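Enquirer: no sequence on this one, just coordinates:
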C-alpha cells in the first residue's frame, strides 16, 4: 500500500468526490455552487466535502456569510517536501545497490 | 497565498564507488533499489519498477500479478551521462498523461577520481501549484501529503537507518 496519498487515494475512489475535487481545482466554491451542478443533494455534497477535508485534500474558510471550499494549497509544497525526503533516502538505497553489485 | 511562478527544485546527490556506466545501469534498473512497499501505487507486492531504455520509453511499476501502473516517461536517454524522466503523477497521485502537468527528474552521472557523482534534480512542481502562467487564478493541486509524510514516511525512513 502506498505511503503517499493513501488517504487521498481512498477519498478519491468515489466518483462524486473525484468530480468535486476536480471542480475545486478550478477555484474555490461554496457547497451550494457545487450541489447545483451535481446529481446529489446538498447534504450529500457536504458529507463528501467532509471526507475530502479529513483526507487533507480540501480546506475550507469563511468568506462573509459563505463557507468556501478549495484544494489544500499546501499540497504542492507538501509534494516537494515529500520528494526532498524521498530522494535523499532513495539515493542511499541506490548507492548500496550500485556498490553491492560491484563487489 | 502569495503568487509564485516557481517552486524550488528538489536536489540530492551521492558519490558512488562505481563507473558512470555501472551507476547509470543500476539507477535505471529501479527494480534493484527502488524503496518499494511505501512508494508504489498497487496494493499488491511489486515485481518490478521498469524504465524502458529509450527516449519516449515508459516508466511504470508492475505488480506480482502482472498489473501495471504508469508513473511517467523517459524524455532523454543519454547513457552513461544523463537521464531525464517525466513524473506524471500529480499531488493526487493520479496518472495524468498531459506533459504540461508532469514534473521533471534529471539525473547526471559525472566521473570522479574515486567513483561517480550522481546528481538528481526534481523540478517543475509549480505545474501543480498556484498561479503558474498555465494555471488558474486560484489554488490547484492538493494532496495532504504533509500529514502522511509525518505519520508514515518519516518513521519508516528512520526505522530503516
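Expert: In hand now; what should we look at? Given the structure is predicted, the values throughout are model-derived calculations rather than measurements.

Enquirer: CA atoms for contacts and neighbours, from now on please.
Expert: OK.

Enquirer: what about the helices in chain B?
Expert: With DSSP state H as the definition, chain B shows helices at residue ranges B:20-28, B:145-148, B:154-159.

Enquirer: those helices: lowest mean pLDDT?
Expert: Least confident of those, judged by mean pLDDT, is helix B:145-148 with a mean of 34.

Enquirer: tell me the gap between stretch B:21-40 and the middle of its chain.
Expert: Taking CA atoms, centre = their mean, to the nearest Å, one finds the center of stretch B:21-40 at 11 Å from the center of the full chain.

Enquirer: buried ones in that stretch?
Expert: For stretch B:21-40, the neighbour count (16 or more other CA atoms under 10 Å in any protein chain shown) marks B:22-24, B:26-36, B:40 as buried.

Enquirer: is that stretch up against chain A anywhere?
Expert: Yes: against chain A, stretch B:21-40 shows contacts by CA under 8 Å from any CA of the partner chain at B:22, B:23, B:26, B:27, B:32, B:33, B:34, B:35, B:37, B:38, B:39, B:40.

Enquirer: same check, this time on stretch B:60-79
Expert: No: Stretch B:60-79 does not reach chain A (CA under 8 Å from any CA); its nearest approach is 11.7 Å.

Enquirer: list the contacts for the residue lying closest to residue A:28 once chain neighbours are set aside?
Expert: In this structure, residue A:28 finds its nearest non-sequential neighbour in residue A:70, 4.5 Å apart by CA to CA, 6 or more residues apart in numbering or on different chains. Residues in contact with residue A:70 (CA atoms under 8 Å, 6 or more residues apart in numbering or on different chains) are A:24, A:25, A:27, A:28, A:29, A:58, A:59, A:60, B:139.

Enquirer: who does residue A:70 bridge with?
Expert: According to DSSP bridges, the residues that bridge with residue A:70 are residue A:59.

Enquirer: now swap in residue B:109 and tell me
Expert: residue B:118.

Enquirer: might one say that it is in contact with residue B:120?
Expert: No: here residue B:109 does not reach residue B:120: they are 9.1 Å apart, not a contact under CA atoms under 8 Å.

Enquirer: the residue of chain B positioned farthest from its centre and residue B:25, how far apart?
Expert: In chain B, the residue that sits farthest from the middle, by CA atoms, centre = their mean, is residue B:113; the gap is 28.0 Å. To residue B:25, residue B:113 is 19 Å away according to CA to CA, to the nearest Å.

Enquirer: same thing with residue A:86?
Expert: 21 Å.

Enquirer: phi and psi next, for residue A:48.
Expert: phi -60, psi -40 (degrees, to the nearest 10).

Enquirer: helix or strand: which one has the nearest residue to it once chain neighbours are set aside?
Expert: Computed as CA to CA, 6+ apart, the closest residue to residue A:48 that is not its neighbour in sequence is residue A:17, at 5.9 Å. Assigning secondary structure by DSSP states H and E places residue A:17 in helix A:15-24.

Enquirer: lowest-confidence entry in the contacts of residue A:70?
Expert: Among these, residue B:139 has the lowest pLDDT, at 27.

Enquirer: what sits against the spatially closest residue to residue B:122 that is not a sequence neighbour?
Expert: Nearest non-adjacent residue to residue B:122, counting by CA to CA, 6+ apart: residue B:105, 4.3 Å away. Residues near residue B:105 by CA under 8 Å, 6+ apart: B:84, B:85, B:86, B:87, B:120, B:121, B:122, B:123.

Enquirer: within its sheet, name the partner strands of whatever helix or strand comes next after the helix holding residue A:17 and how each one runs.
Expert: Sequence-wise, the next helix or strand downstream of helix A:15-24 (DSSP H and E) is strand A:29-30. Partners of strand A:29-30 in the sheet, by DSSP bridges, are strand A:66-71 (antiparallel).

Enquirer: isn't residue B:13 right next to residue B:122, touching?
Expert: No: with contact defined as CA under 8 Å, residue B:13 does not count as touching residue B:122 (11.5 Å).

Enquirer: these two - which one has more neighbours?
Expert: residue B:122 (23 against 17; other CA atoms under 10 Å in any protein chain shown).
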